[in-house]
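*Asks:* Using only what follows, build the 3D model:
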Amino acid sequence: ITLSGGQMVVQSGTVNTSQISGTGAAALNISGGTVNVGDVGTPDALASLSLPGSETSFTISGGAINIYPNATGAVAIGSGSSSASGGTVNIYTDGSNAFTSSAPMFNLTIHNANTLTLDAIGALDAQTLTVNNNLTLNTGATLNANGQNVRIGRNLTLESGSTYTHGTNTTTFFRYGTSSATVTNSSGSPLTFNNVSLNKSDVTSNYNNAKTTIFTSEVDIEGSLSFDANYQTLDLSSNALTVQGNIGVNRTSRILNDDEILLKPTIAAPQTLTIGRLDPNSPNSFRIDNTARVRLTESATMNSLTLT
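*Replies:* Numbering: from 1, shown residues only. Predicted coordinates:
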C-alpha cells in the first residue's frame, strides 16, 4: 500500500499487505482492527512500515499493527505530527532488524529470538524510542538500543531469555497517565542499564500524586541514577541496587528500599551522592565500594553506611 499524500484509516477488520509506505502528507491512523504488514507479497526497498517524511504522520489509538520486517527494516517514521494513546505495535523480528521512529508507540512488543536495533534506515537517522505505555520483550527477543535513548511511559517487561542492550543511552521512566510503572525481569540474566532517569513531569503537588517506579529484581546501573522531576518515587522493594555513576535524588523525591544501595564503579572513579528524601520506614542502607571517593552534595540521614 502506497500513500501519496493520502490518509489510511483502519477502524475495524483486518488488513494484510506486504508494506505500507507514504510520501508528502501521508497519514496512517489506526483506532481498531488488525493490520498485518510484511507477511505477504514482495515489498519495495523500504522498511515494512515506511513514513519517513517530515509531513507524514502515524496515529494509533486502538487495535494492533503486526509488523514483519524486511531486509531494509521494520519501521521508519519521520518527524511529522504523530500520537499514540492506545493500541499495540508488534514487531516479529527476523534476524537483525532496524527500527527508527520519531513517532511514539503506545504498547510495543518485540517477538521472536532475534534482534531489533534502533538504527538509521536510508536517510532517516536513528531516533529516541518513546513507548507511552508498555514495552515488552517476549521470550528470546533482544532490543539493541544502539546508544539511542529509550523512554518508557509505564511497564518494562523482559521475558525468559530476552535482552535489553542499552549501550551509552539513558532509559527514562516517565509514567504516562496515572499508573505506577513496574520493571519486571524474568530474562534469567541480571538487568542492567546505563543511565536511568525518573521523570514524571506532571506531578507537582505531593506524594499522593507521585506514582511509583517499581523494580522487581536486582538492578545494576552502569551510569547514573537521576530524579529529574519533583515527587518521584523509586521502590526497590527487597532488591539490591548497584550504581556505578552518580545518584541524584531531589529533595521532593524518595527511594524506598529493603536492601542496600551499593555505589561501586567498575573502575574506581569519583561519584557524587545526593539522596534527597529517604522514606523513614525503609532501612535506607548504603554501601560504598570505591577507592576513589564518594562526595555527599548535602547533609543526609541514613539508617546504615558501610565502607568496603
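*Asks:* Quick one, grab the pLDDT at Asp44.
*Replies:* We note a pLDDT of 76 for Asp44 in this prediction.
*Asks:* and it, how far is that from Ile267?
*Replies:* According to Cβ to Cβ, to the nearest Å, Asp44 and Ile267 sit 48 Å apart. C-beta: built from backbone N, CA, C; applies to glycine.
*Asks:* which one of those two has more residues nearby?
*Replies:* A count of neighbours by other Cβ atoms under 10 Å puts Asp44 above the other of Asp44 and Ile267, at 12 against 7.
*Asks:* Quick one: residues contacting Ser4.
*Replies:* Shown here is Ser4, whose contacts under the criterion Cβ atoms under 8 Å, 6 or more residues apart in numbering are 22-24, 26.
*Asks:* most neighbours, which of those?
*Replies:* For these, counting by other Cβ under 10 Å, the largest number of neighbours falls to Gly22: 29 neighbours.
*Asks:* Could you check how far it is from Ala84?
*Replies:* Taking Cβ to Cβ as the measure, Gly22 falls 17 Å from Ala84.
*Asks:* Kindly report the same for Ala229.
*Replies:* Between Ala229 and Ala84 the distance, using Cβ to Cβ, works out to 21 Å.
*Asks:* If you count surrounding residues, which of those two has more?
*Replies:* Here Ala229 and Ala84 are set side by side on neighbour count (other Cβ under 10 Å), and the busier one is Ala84, at 23 against 20.
*Asks:* hey, what's the more buried one bridged with?
*Replies:* According to DSSP bridges, the partner residues bridging Ala84 are Ile60.
*Asks:* go on, the one 5 residues further on?
*Replies:* Val89 has the following beta-bridge partners by DSSP bridges: Ile65, Leu108.
*Asks:* do Asp220 as well
*Replies:* Counting by DSSP bridges, Asp220 is bridged to Thr192, Thr242.
*Asks:* what's the helix or strand for Ser79?
*Replies:* Ser79 is part of no helix or strand when elements are defined by DSSP states H and E.
*Asks:* ok, back up a step: need the contacts of Ser4 in CSV with secondary structure, pLDDT and distance to Ile91, can you?
*Replies:* Formatted as CSV, the entries for the contacts of Ser4 read as follows, by DSSP: H, G, I helix; E, B strand; the rest coil; pLDDT from 0 to 100; distance: Cβ to Cβ, whole Å:
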residue, secondary structure, pLDDT, distance to Ile91
Gly22, strand, 95, 19
Thr23, strand, 94, 23
Gly24, coil, 94, 26
Ala26, coil, 96, 21
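*Asks:* Just the closest of those to Tyr68, please.
*Replies:* The closest of the contacts of Ser4 to Tyr68 turns out to be Gly22 (Cβ to Cβ; 18.4 Å).
*Asks:* show me the contacts for that closest one.
*Replies:* With contacts defined as Cβ under 8 Å, 6+ apart, Gly22 is in contact with 2-6, 28, 50-51, 53, 56.
*Asks:* helices and strands of this protein: which one bottoms out on pLDDT?
*Replies:* Lowest on mean pLDDT, DSSP states H and E among the helices and strands of the chain sits strand 277-278, with a mean of 67.
*Asks:* by contact count, what packs against the next helix or strand after that one?
*Replies:* Moving toward the C-terminus from strand 277-278, the first helix or strand encountered (DSSP H and E) is strand 285-288. Packed against strand 285-288, as judged by 3 or more Cβ pairs under 8 Å, 6 or more residues apart in numbering; DSSP states H and E, are the following elements: strand 261-263, strand 304-307.
*Asks:* circling back to that earlier point, which pair in the contacts of Ser4 spans the largest distance?
*Replies:* Checking the contacts of Ser4 with Cβ to Cβ, the most distant pair is Gly22 and Gly24, at 7.4 Å.
*Asks:* what residues do these two have in common as contacts?
*Replies:* Counting by Cβ under 8 Å, 6+ apart, the common neighbours of Gly22 and Gly24 are 4-5, 53, 56.
*Asks:* Does Ala103 fall in a helix, a strand, or a coil region?
*Replies:* Following DSSP: H, G, I helix; E, B strand; the rest coil, the label given to Ala103 is coil.
*Asks:* Apart from its neighbours in sequence, what residue is nearest it?
*Replies:* Nearest residue to Ala103 in three dimensions, chain neighbours excluded: Ser82, at 3.4 Å (Cβ to Cβ, 6 or more residues apart in numbering).
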